[in-house]
Each structure stands twice: as C-alpha cells, then as structure tokens.
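[1] fold the following for me, if possible:
(one chain, ligands or ions: 1)
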Amino acid sequence: MNNTTIAVNECSFRNMMRKSIPRDDYGTHAIHSYTAKLIPHIARHYIGLYTKKGELVLDPFVGSGTTLLEANLLGRNAIGIDINPLASLISEVKTTPVDVTTLEVAVRHVVDTITRTAQGDNVDFPNIDYWFSEKAQKDLARIRSAIETVRKDLEPSIYRFLLVCFSSIIRRSSYADPRIAKTYRSRRMVKKIQESWEPNPIELFKNTLDRNCSRMKGFCEMINGTHNYSKVIQGNAGEVSLLMQREGIARADFIITSPPYVNAQDYFRSYKLELFWLGLATPEQVRLLKQQSIGTESLQGFQRDFALEDHIKLLRTTCQEISRVDPAKCVVVCKYFSNMRMIIDEFDKTLRKNGHLCIVTGNNNICGVPVQTYEMLIHMAEARGFVLVELARDKIMNRRLSPERNHQAGVIQEEWIAVLQKVTS
Ligand SMILES: C[S@@+](CC[C@H](N)C(=O)[O-])C[C@H]1O[C@@H](n2cnc3c(N)ncnc32)[C@H](O)[C@@H]1O
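    Predicted coordinates for the structure are as follows:
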C-alpha cells in the first residue's frame, strides 16, 4: 500500500471520543499551556489501537507531554524527548504521581514562605524591564525565592511541580499577550499598560497552585498506584537512538509524535521568559538550543541538500515556487525537510520490527505556496522502508496557534495523521 492509493479517513477525534474524553483538560493535561499541543483524543486513539499494555511508546518531540500522559493512563510505558528544557519539565511533572497529602503540605509551606519573604533574590536577563513592571519583578522574585527556600524540605517531584506552577504564571504576569503564542506586546497589551494595568503574580500563583493540585489529585486517582515507566529526556530528536541507548532501551514498540511545523513556531522565542525566570537556560544557551530546533528560521551550518529535492518531486516543485517569491524562505523549507529526513532515519533505528510510526502534522503556506508536509514525510518514511497503513484528517480546533503568530506561515487548519509500519528489521 502507498499514499497514492490509500483512502483518507475524515475524522473528528473530539466527536469520536466524546465519551471516553469529554474534556481536553482532564488529569494533568492542563497544568501548563503549550503551543501546538496535541489533543489527547488523537494520542489515546492511536496508542490504544497500535500498542498493548506494558509496551513502550516513544515521542521524540514530546512538547508538554500529551502522548506520555495518555500512554501512562492506558497502562503503557513511555519515553519522551524535547529540545526545550521547559517542555521536558512540564512533561515530567505531568506524568509523575505524587503523594497528595505531602503535596498539600508543601503548597501551604510555600504560600506561608512567600508571605514571610519581603524581598526575593534578584533575577535579571536582557530586556526584563520591557517585559515586566517593577512590581511584577518583585513579586515573581519573592515566589521564586520562596520555592528555593522550601526546596530542601521537598521531594524533587514536588519541587518540580511548584516550578511548573510558577512557570505557568510568568506570561500572565508580563506585558506579553498571553493569547498569542510568541512573546509579543500586542496593541491590546499596550493599551492595558497605558491604562496602568498591573498583574498580581502572587494571587495568580496561589490560584494556579489550587487548580494544579486538583489536577494532580485527579491524575493520581486515575493512575491509582499502578504507574507505568515514564521518562523524559531534554535532548535532540536527531539523536534519539543514542539517547535511548544511554537509557539502556533497545527499541520502542510505537512512535507517536507531532513534529514542529515548518517555519511556524519558534518555541524558544515563545518560552524565553519562562526559561529565564526558572533558570532553565541562559540567553546564550537559548541561542544554541534554537539552532538545534526543527522548523525555525536559523540556517546555522546548513548546506542545501539538492539530492533531497530530486528524491522528492513534490518538494522540488514546492521549493521552486517558494524560491520565486523568497529564495531565503526556500532554504528554510529545505532545511526543515532535510532535518526531518535524518530524524525519520532515527525513527527507523529506534522502532522494533513491525512496530508503527504515527506522525501528526499540518500543512501550511509559505509565501503563499502550500507546503504538503504530511505527504513529504510519508515519502521519506516510505523511502526508508516504512509502509503506509492509515491516513486520517482532522480539523484543528484548539492548538493555540494564533493567526497573529506568523503572517507568512499561514494558518494551519487541519491535521493529518499518517500511520506507517516498519516492515524491515
Ligand atoms: C508541535 S510541538 C509538540 C507538542 C506536543 N505534542 C504536545 O502535545 O505538547 C513540537 C515540539 O518539538 C520540539 N522540538 C523542536 N526541535 C526539536 C529537536 N531538534 N529535538 C527535539 N525536540 C524538538 C519543540 O520544542 C516542541 O516542543
């Protein structure tokens, strides 16, 4: 079977799975927002279909951990990789059950400590005054210092839970518009600032603690003491076989992933304020991590791969059309597919024979030219010996991808789910 003959299954996963998943935010799914988050319905459907209990699910672009959480809730083991240290922190917290009574004690402890902390340790990074009022900086520093003060009394999992709660209020405590994925002072925010709007980080933090404690409690009840293996690694998907080897894991039974879109999201620009406040990366580290990220405009060290374009006719045609409008953008597109080809080779090395690879992706427009991402990724996987077994299309309703985020990239309105089987050993 190949993609030219297979029928497309038109689906609405939300409708299809309304009974088993009535809300997107159940369990710990909503403990932190994340751009281009996968809906849990898709993860649950395909993990349930292609794996058995106890098998190992891998997501090499794990983001905020939707697939890992669904895998664990279905009794599967899971491993996730992401280049963004904030993503790996969120995924880890989302899938690590804690003792709820201990958590509640820790939360009271940190809230008391904030009240007693008049001044927190100074936090500084480029343009901090542009993004935060003096009062917001002071309050955020008090919260950050209180978390560090109580850290010695806490289990590491609870300390990390507090960090995620702290991270989730950073954007709402800043002058950046929380409704827009990239860190950006919109006209709406400028107007609010002119009207002397002041965020209240301490109130936001207390409310977030309450809500996230309930979410964690819900997750622990669902898991009910039968937690499966779950591991999150901060690293590059281009090295997934090596990263798995280091964990002592030979092969995954199933790979499910939603890779970044070409030229659509700069995750480091979107999460730089959180990374700096949490001390997860310095501006220099962010710059270096950004170079390893897939889908960004950074062309550091990239040599255009014409052989790749020859190999995939559709890519060559797409590149020619984009090049007529903007040759630089064409190189960005080539780099994306060149990276993704290398990553598909890595998937091949990491997946067991007869295991399935499920890629969830969208098409977008670059310079007005449609880029059929799913089709090109299918071609690449087929060239590597995978066989396409299923193709579905779903309409996107909630991926936190605002049209304001990137005018040239166009709005992604649907996602394609391709399932391929590895038939070679
Ligand atoms: C579309 S998001 C995944 C969202 C995820 N499915 C969720 O539900 O939250 C893509 C992710 O790929 C990550 N990423 C980009 N380049 C990467 C690379 N080279 N290695 C690993 N992760 C990478 C980004 O940081 C981002 O978190």
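[2] what number of residues lie near the residue of the stretch 101-250 of the chain found nearest the ligand?
    With C-beta to the nearest ligand atom as the measure, A237 is the residue of the stretch 101-250 of the chain nearest to the ligand, at 3.5 Å. No exception for glycine: its C-beta is placed from N, CA and C like everyone else's. A237 is flanked by 25 other residues according to other C-beta atoms under 10 Å.
[3] show me what contacts it?
    60-61, 81, 83, 259, 294, 343, 346 (C-beta atoms under 8 Å, 6 or more residues apart in numbering).
[4] list just the nearest of these to K192.
    I83 (32.7 Å; C-beta to C-beta).
[5] from what I see, the closest one and E239 are in contact.
    No - the pair I83 and E239 does not pass the contact test of C-beta atoms under 8 Å, sitting 10.3 Å apart.
[6] and the two? which has more neighbours close in?
    I83 (22 against 18).
[7] roughly how far apart are the more buried one and the ligand?
    Taking C-beta to the nearest ligand atom, to the nearest Å as the criterion, I83 is separated from the ligand by 4 Å.
[8] rewinding a little: distance check, the residue of the stretch 101-250 of the chain closest to the ligand against A71.
    A237 is 17 Å from A71, where distance means C-beta to C-beta, to the nearest Å.
[9] for the residue of the stretch 101-250 of the chain closest to the ligand, give me the pLDDT.
    On pLDDT, A237 comes in at 97.
[10] what about the closest residue to it other than its chain neighbours, how many neighbours?
    Closest residue in space to A237, ignoring its immediate chain neighbours: P60 at 3.9 Å, by C-beta to C-beta, 6 or more residues apart in numbering. Neighbour count for P60, taken as other C-beta under 10 Å: 27.
[11] tell me who's in contact with P60.
    80-81, 237, 240, 255, 257, 343, 346-347.
[12] redo that, cut-off 10 Å
    Taking C-beta atoms under 10 Å, 6 or more residues apart in numbering, we find P60 in contact with 79-83, 233, 235-240, 243-244, 252, 255-257, 259, 343, 346-347, 350.
[13] name the helices or strands packed onto the worst-scoring helix or strand of the chain on mean pLDDT?
    When the helices and strands of the chain are scored by mean pLDDT, DSSP states H and E, helix 306-311 comes last with a mean of 79. Using 3 or more C-beta pairs under 10 Å, 6 or more residues apart in numbering; DSSP states H and E, the elements in contact with helix 306-311 are helix 313-325, helix 327-350, helix 373-383.
[14] which strands and helices lie in contact with the host helix or strand of E148?
    If you go by DSSP states H and E, E148 is part of helix 134-150. Judged by 3+ C-beta pairs under 10 Å, 6+ apart, helix 134-150 is in contact with helix 100-116, helix 128-131, helix 156-170, helix 201-223, helix 267-278.
[15] follow-up on the earlier one: quick check: which of the helices and strands packed on helix 306-311 is nearest to the ligand?
    helix 327-350 (7.2 Å).
[16] pLDDT at the closest residue to D129 other than its chain neighbours, what is it?
    Once flanking residues are discounted, D129 sits nearest to Q137: 7.9 Å by C-beta to C-beta, 6+ apart. Looking at Q137, its pLDDT stands at 97.
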